[in-house]
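> Sequence and predicted model, in that order:
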Amino acid sequence: MTVDSSKKQTKVSSSMLSIGKELPVDVYSKSGFLLLKRGHYVLTPEQKQKLVTLGFAEAKAEARAVEKPNINDSKKPSLFEDIAFLQQRVRSALHHALVTRNFEAKVMEIAQSLIQLAEKHPDALIASIFLVPFSEYSVAHSMHAAALLSILTRHIALPPSHRETLICAALTMNISQVELQNELFGQAARLDDGQRQAVLDHPIMSSAILREAGVEDQLWHTLVQTHHESWRGNGYPFGLAREQILPPAHLLHLADITCAKLLPRRYRSALLPATALGQIFQRKDKEFDQSFTTMLVRELGIYPPAASSAWPARKSAW
């Protein structure tokens with residue numbers, strides 16, 4: 001993409017850019033090529049300096065960016081802080097489901113918050129998958145899958161209640177193996193027999209815990225029970241055939257696999273989005289619905305907001 005050469009350009013100044021915040025303008029090179037689109041995030045001092053050194057913006061855009069400063073901005077929590085707080089709520093729900101009053105309603109509230117973020121700030125929600133620190137992989141993975149589904153379902157003709165239920169299922173699909181997932185995240189060795197059996201059993205066990213916690217929504221249970229079923233017929237725990245798998249369960253399966261590929265493991269590095277999406281897209285029609293994989297590539301993009309420099313700088317917290 002290039003800028004119209006007839007429009008007046010001005011040099012990008014350091015005051016226009018803030019690390020960790022959305023870019024307020026489109027930034028172009030001197031020759032007019034787009035370097036970074038408005039709404040993406042300035043992640044590091046090095047990136048900021050490069051944009052200041054090389055970047056130009058439309059003169060009118062610069063004026064819009066600085067003419068209405070908000071003196072209260074510094075007092076407002078950032079979107080990433082809001083998302084980090086949601087992640088802490090997910091952690092509490094997963095660890096204390098059986099002693100949490102109104103558990104189903106509390107998880108639904110988190111799902112509704114993610115939907116609101118997806119509608120208002122989709123780039124920030126995608127960026128949070130790469131940027132918001134975490135202390136427990138199991139919690140982060142559930143949050144990431146739910147966030148991705150909140151984005152993907154914006155343009156799917158799902159009843160609102162089904163959309164919320166799908167995201168609730170993503171948040172709780174691994175509730176029976178929270179500690180095991182955390183353990184496996186840092187394990188380089190193969191699974192032992194006990195671990196393997198626990199993994200195979202977790203869709204059913206998670207549904208059982210949810211039922212004990214008061215979840216009565218049968219679609220929620222079905223999605224949790226079948227989120228590892230595969231179009232190839234070799235999924236678990238039921239080994240369902242392609243035609244037996246509900247579309248939202250298949251979409252949950254896709255989000256689960258995608259988010260797993262985007263984070264590193266003890267035995268491998270995280271995959272770049274282009275690599276992860278390429279692997280998934282190559283399996284379209286055989287293992288994944290082509291309309292879902294196309295939507296995934298369109299919504300996530302080959303270079304999602306913040307993905308290019310997230311992994312080297314990312315640290316766990318809390």
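That came through fine. Bear in mind the structure is a predicted one, so any value in this text is a computation, not a measurement.

> from here on, contacts and neighbour counts on C-alpha atoms
Noted.

> What lies in contact with stretch 79-89?
Contact partners of stretch 79-89, identified using C-alpha atoms under 8 Å, 6 or more residues apart in numbering, comprise 110, 124-125, 128, 132-133, 139-140, 143.

> buried sites along it?
80, 83-84, 86-88 (16 or more other C-alpha atoms under 10 Å).

> List the contacts of I115.
Counted by C-alpha under 8 Å, 6+ apart, I115 has contacts 150-151, 164.

> and with 6 Å instead?
S150 (C-alpha atoms under 6 Å, 6 or more residues apart in numbering).

> quick one: it from I83, how far?
12 Å (C-alpha to C-alpha, to the nearest Å).

> do the same with A241
37 Å.

> on that earlier part again, redo the contacts of stretch 79-89 as a markdown table? Include pLDDT, distance to K30 and secondary structure.
Formatted as a markdown table, these follow (pLDDT from 0 to 100; distance: C-alpha to C-alpha, whole Å; DSSP: H, G, I helix; E, B strand; the rest coil):
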| residue | pLDDT | distance to K30 | secondary structure |
| --- | --- | --- | --- |
| I110 | 98 | 44 | helix |
| A124 | 86 | 28 | helix |
| L125 | 91 | 31 | helix |
| S128 | 88 | 31 | helix |
| V132 | 87 | 33 | coil |
| P133 | 87 | 36 | coil |
| V139 | 98 | 44 | helix |
| A140 | 97 | 40 | helix |
| M143 | 98 | 40 | helix |
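
> most neighbours, which of these?
M143 (30 neighbours; other C-alpha atoms under 10 Å).

> Near the nearest residue to that residue once chain neighbours are set aside, how many other residues are there?
Closest residue to M143 apart from its sequence neighbours, by C-alpha to C-alpha, 6 or more residues apart in numbering: L171 at 6.0 Å. L171 is flanked by 30 other residues according to other C-alpha under 10 Å.

> Mind checking the pLDDT average for stretch 216-231?
The average pLDDT for stretch 216-231 rounds to 98.

> Ends of that stretch, what's the gap?
Across stretch 216-231, first to last residue, C-alpha to C-alpha, it's 27 Å.

> cool, and stretch 280-291?
Termini of stretch 280-291 sit 12 Å apart (C-alpha to C-alpha).

> So which residues make contact with it?
231, 293.

> Show me which residues of that stretch are buried.
280-281, 287-290.

> would you turn the residues you listed into TSV with distance to E119 and secondary structure?
Shown next, in TSV, are the buried residues of stretch 280-291 (distance: C-alpha to C-alpha, whole Å; DSSP: H, G, I helix; E, B strand; the rest coil):
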residue	distance to E119	secondary structure
I280	25	helix
F281	25	helix
E287	29	coil
F288	25	strand
D289	24	coil
Q290	24	helix
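
> Among these, which one lies nearest to Y28?
F281 (30.8 Å; C-alpha to C-alpha).

> What separation do you get for that closest one and T275?
10 Å.

> for the chain, longest helix please?
Ranked by residue count and defined by DSSP state H, the top helix of the chain is helix 193-212.

> Now find how far off-centre that one is within its chain.
Once both centres are worked out by C-alpha atoms, centre = their mean, to the nearest Å, helix 193-212 turns out to sit 24 Å from its chain's centre.
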